[in-house]
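Colleague: Attaching a predicted model along with its sequence, questions to come.
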Amino acid sequence: MTHRDTGAESVEDDAHTLPSDSRPTAGPSTGDRSSARPPERPLARDHTDDGGSSVSLRGTIARRLAFSVFAVYVVISLLFGLVTFAPNPQLSVLLQQASTEGEAREIRREFRRSRGLDEPILDRYLDWLIDVPTLDWGQSYGTIGAQYGPSYEANVAVTKLVADALVPTLRYVVPAVAFAVVGGLAIGLYTATHRESLLARVVTSLTHFGFSIPNFLLAEVLLLFVFSETGLLQGLAPEPGSLLVTTVLPAAIVGTSLLAGQMRYARAQSLEYANTEFIKLVRAKGAGTRRVARHLLRNAAIPLLALFFTDMIGILVVNVFVIEYVFSIPGIGGLSLVAFQQQDLPVVLGATMVIVFVGIGGNFLQDVAYLVLDPRVEE
């Protein structure tokens, strides 16, 4: 009571000091106080804050972009050194054809000259760093005695090899990601909103069990004990290179791993928001389970997508190599494996650049989306 009287007296004192034409009109006490305050200063401060916040946001994005570019060059520099200083199996195959020491010396000299290995290593490294942003990744050296993976000819543009290899990879990666996102969100929201149901517990247990099985083991089990000529489904034994081998089975295996991770994240994020005040208010208004799930998904979308993207990149990078080796898919993983084996530096770096761009570029876009949608992340 004393506090209210003091406030009223201060308002009256202020009113006496104002000119007659600027005194507040009659109305509620809260309206009198707001009308007695000059509006110009707060508005000016708000515009200044918005401008400073915008400049700070652009600066943060610029720093993230610079760090991403630096990370790309660090990765390709490490790969350049790894491939350059490692023994070359192609040279060993060619040297076996020499009958004298002189022929071996000539073969070694011609091999180094044809690949530009006789040039100073610093010059080759700087040339490659300059060629990376221009997509001038050189030409392939060709495969000699490749033990696994797709074979390719010499003097083929690396960009063409990489583009051709991306098609088989995307055939099973895109359906796997779509299946994991939709299925993981649906299962995660269901288990979060029906925690006490038997079905939710069974689904959660099966998902965790599927997440714990290594993909290479699951792939071998499917090929050897299910779809082989002596397996459980003998009549469905696929032909090498068939749609079942190159798309359906790889998509199912990769999608299972991604689904388990997405389901865990969706359930954890939904449970985190389930006890918040606005969800309690929605339930108090009589909203059904579907509407509650929609509110949960809307508020958990940003952290959920960030967690899933980070997990997806890690799983895909590993699975692409494993799946394409087991199923003999001529994709980006198979091309990378045979290029590493052949020490084909242009193809190795070109194929790796795709993975680097997806990983680092995706993380950069994720950070930008975070900053734009939730500026508090900047702090």
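Modeller: Alright, I've got the coordinates.

Colleague: Grab the nearest non-local neighbour of residue 194.
Modeller: residue 200 (4.6 Å; C-beta to C-beta, 6 or more residues apart in numbering). Every residue, glycine included, has its C-beta placed from N, CA and C.

Colleague: same question but for residue 211, I mixed them up
Modeller: Leaving aside its sequence neighbours, residue 211 sits nearest to residue 260 (C-beta to C-beta, 6+ apart; 3.3 Å).

Colleague: and that neighbour, that one's in a helix?
Modeller: Yes. Under DSSP: H, G, I helix; E, B strand; the rest coil, residue 260 sits within a helix.

Colleague: List the residues that contact it.
Modeller: When the contact criterion is C-beta atoms under 8 Å, 6 or more residues apart in numbering, the partners of residue 260 are 184, 207-208, 210-211.

Colleague: Can you tell me how far it is from residue 191?
Modeller: Separation of residue 260 from residue 191 (C-beta to C-beta, to the nearest Å): 12 Å.

Colleague: now residue 256
Modeller: Applying C-beta to C-beta, the value for residue 256 to residue 191 is 17 Å.

Colleague: who's more crowded, those two?
Modeller: Legend: neighbour count by other C-beta atoms under 10 Å for residue 256 and residue 191, higher for residue 191 (23 against 19).

Colleague: Show me where the stretch 101-250 of the chain has its strands.
Modeller: With DSSP state E, counting those that start in this stretch as the definition, the stretch 101-250 of the chain shows no strands.

Colleague: So, low pLDDT: which residues of it?
Modeller: Applying pLDDT under 70 to the stretch 101-250 of the chain flags the ranges 144-150, 225-241.

Colleague: again, only this time at 80
Modeller: Along the stretch 101-250 of the chain, segments meeting pLDDT under 80 span 111, 114-117, 142-152, 154, 193, 195-196, 204, 206-245.

Colleague: And the helices in it?
Modeller: Here the stretch 101-250 of the chain has its helices, by DSSP state H, counting those that start in this stretch, at 101-114, 121-131, 158-193, 198-212, 215-221, 243, 249-274.

Colleague: so which of those is the most packed in?
Modeller: helix 249-274 (a mean of 22; mean count of other C-beta atoms under 10 Å).

Colleague: next helix or strand past that helix?
Modeller: Counting by DSSP states H and E, the next helix or strand C-terminal to helix 249-274 is helix 277-284.

Colleague: What's the mean pLDDT across that following helix?
Modeller: When pLDDT is averaged along helix 277-284, the result is 77.

Colleague: Surely the residue nearest to residue 194 and residue 206 touch.
Modeller: No. Counting by C-beta atoms under 8 Å, residue 200 stays clear of residue 206, with 11.0 Å between them.

Colleague: just to revisit the earlier point, and the contacts of residue 260, which two are furthest apart?
Modeller: Greatest spacing in those, by C-beta to C-beta: 184 and 208 (12.9 Å).

Colleague: Now do residue 94 against residue 346, distance only.
Modeller: Distance of residue 94 to residue 346, given as C-beta to C-beta: 19 Å.
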